[in-house]
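Chemist: predicted model follows, preceded by the sequence.
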Amino acid sequence: MVFNGSIIFVVIILVWVLGLTAWVIWTVRRLKKVTSGEALEQILSTQKKLRGETDDLYKTLEEIKKDGRLHIQRVGLVRFNPFSDTGGSQSFTLALLDGHNNGLVMTSLYARTGHRWYVKEVTGGKGRELALSKEESSAVQKAKPFEGEHHA
């Protein structure tokens, strides 16, 4: 009976050793395949391609950010009552500016006898050809970046 137990033990150890040997051989083959020049060249080639694509994306992003500074980013609104004979602040000035404080101000004057619109060009936060009124200057000062906008 002791003899049979020894054989079973030897068989178990032999199966265990064969299993470990097969696993080591499989692992060594995989390692050789990964570290062969062919696989490494493919990995390096892919890495160079990805690096180039990443550089292109950064350049594109910078162009978009630069271009975006020219779009309307800041909006300011001031309501006021320019005439003593009308009630309430029905008149307003709206400033629409880009990232360089260039754009325009639109002023709407409301009176009982009519409604008038005025538009002035703004450069660097100041009137380009015409001086800005007190309300127009206030709207330009109130113009704030859109929510979530960050500048470097």
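Modeler: Perfect, thanks for sending it.
Chemist: domains in this structure, by residue range?
Modeler: In the assignment given by automatic domain parsing, the structural domains of the chain cover 2-68, 74-145.
Chemist: residues in contact with residue 31?
Modeler: Residue 31 sits next to no residue when contact means CB atoms under 8 Å, 6 or more residues apart in numbering. For the C-beta atoms, the positions are set from N, CA and C on the backbone; glycine is no exception.
Chemist: now it. Its backbone dihedrals?
Modeler: Listed backbone geometry of residue 31 is phi -60, psi -40, with angles given as degrees, to the nearest 10.
Chemist: that one and residue 19, how far apart?
Modeler: Applying CB to CB, to the nearest Å, one obtains 19 Å for the distance of residue 31 from residue 19.
Chemist: would you mind pulling the contact partners of the host helix or strand of residue 122?
Modeler: Here residue 122, judged by DSSP states H and E, is contained in strand 114-123. Strand 114-123 has contacts (CB under 8 Å, 6+ apart) with 95, 97, 101-109, 127-130, 132, 136, 140.
Chemist: need the buried ones from those selected in ChimeraX.
Modeler: Here the buried members of the contacts of strand 114-123 are turned into a ChimeraX selection, burial being counted by 16 or more other CB atoms under 10 Å:
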select :95,97,101,102,103,105,107,109,127,132,136,140
